[in-house]
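Asks: Pasting the sequence and the predicted coordinates here, then a few questions.
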Amino acid sequence: MSNTLLLHCCCAHCTAYSIEHWRKRGYEVHGLWYNPNIQPFSEYRQRLEAMQALADESEMPLETVEGYDIREYLDRVIGNEVDRCRHCFELRLSRVAEIAAEKGFDVFSSALLISPHQQHELLREVGEKLSGETEFAYEDLRKRYSDSRHITKELDLYRQQYCGCVFSEWERYSGLKLADVIDKV
Ligand code: SF4
């Protein structure tokens, strides 16, 4: 019997090759959607629909955490905007680690590990700190990001233009960094 891996799916485009990768490593991969960092809600729904289409295409079971924990996300991030990604990773991955342990998965991981746009070392640090009953499976998959995008291009899935939160949307369209202007906004 193969080992089981619970994969945090941040979006279809990061998840596509991550599924293949962990399957090649011998894992039976199950997906988990928990991303209350995505704003606004209409954007959240579009990304979830794309994720579900990819899961169907890849024959990967996908569980969605009920509800939209936007208040929990904002409670953690407001006042910590510059360091928000740490709080965002901690919120999302701690829920994934909890569910992985409850359901008896051998390991958990995150599709965020393939993205060159994320703070990779921070992600690794947060994931490894959450290793407990269920271990965090870490690998640097950033070199395979274009393979992942290639898979989803053929499926013609909705493609987001910013990371997820309203702060990242502002950075994307203003061309500025929040850390540079935080005292002035
Ligand atoms: S930029 Fe992305 S990872 Fe960072 S807090 Fe916003 S949604 Fe989360």
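Replies: Received it, and whenever you're ready, just let me know what you need.
Asks: Trp22 in helix, strand or coil?
Replies: helix (DSSP: H, G, I helix; E, B strand; the rest coil).
Asks: For Ser168, grab phi and psi.
Replies: Backbone torsions for Ser168, taken as degrees, to the nearest 10, come to phi -70, psi -30.
Asks: same question but for Phe136, I mixed them up
Replies: According to degrees, to the nearest 10, Phe136 has phi -80, psi 120.
Asks: Packing partners of the helix or strand where His150 lies?
Replies: Per DSSP states H and E, His150 falls inside helix 145-155. Other elements packing on helix 145-155 under the criterion 3 or more CB pairs under 8 Å, 6 or more residues apart in numbering; DSSP states H and E are helix 12-24, helix 41-58. C-beta: built from backbone N, CA, C; applies to glycine.
Asks: Get me the contact residues on this structure for the ligand.
Replies: Asn37, Arg84, Cys85, Cys88, Cys163, Gly164, Cys165, Phe167, Ser168 (CB under 6 Å from any ligand atom).
Asks: Excluding sequence neighbours, find me the nearest residue to His13.
Replies: Thr152 (4.9 Å; CB to CB, 6 or more residues apart in numbering).
Asks: How many residues are close by that neighbour?
Replies: 22 (other CB atoms under 10 Å).
Asks: So it is in contact with Cys14, correct?
Replies: No: with contact defined as CB atoms under 8 Å, Thr152 does not reach Cys14; the gap is 9.3 Å.
Asks: got the contact list for the lowest-mean-pLDDT helix or strand in the chain?
Replies: When each helix and strand of the chain is scored by mean pLDDT, DSSP states H and E, helix 178-181 comes last, with a mean of 90. Contact partners of helix 178-181, identified using CB atoms under 8 Å, 6 or more residues apart in numbering, comprise Glu81, Val82, Phe167, Trp170, Glu171, Val185.
Asks: Please repeat the previous calculation with a cut-off of 6 Å.
Replies: By CB atoms under 6 Å, 6 or more residues apart in numbering, the list of residues contacting helix 178-181 from outside reads Glu81, Val82, Phe167.
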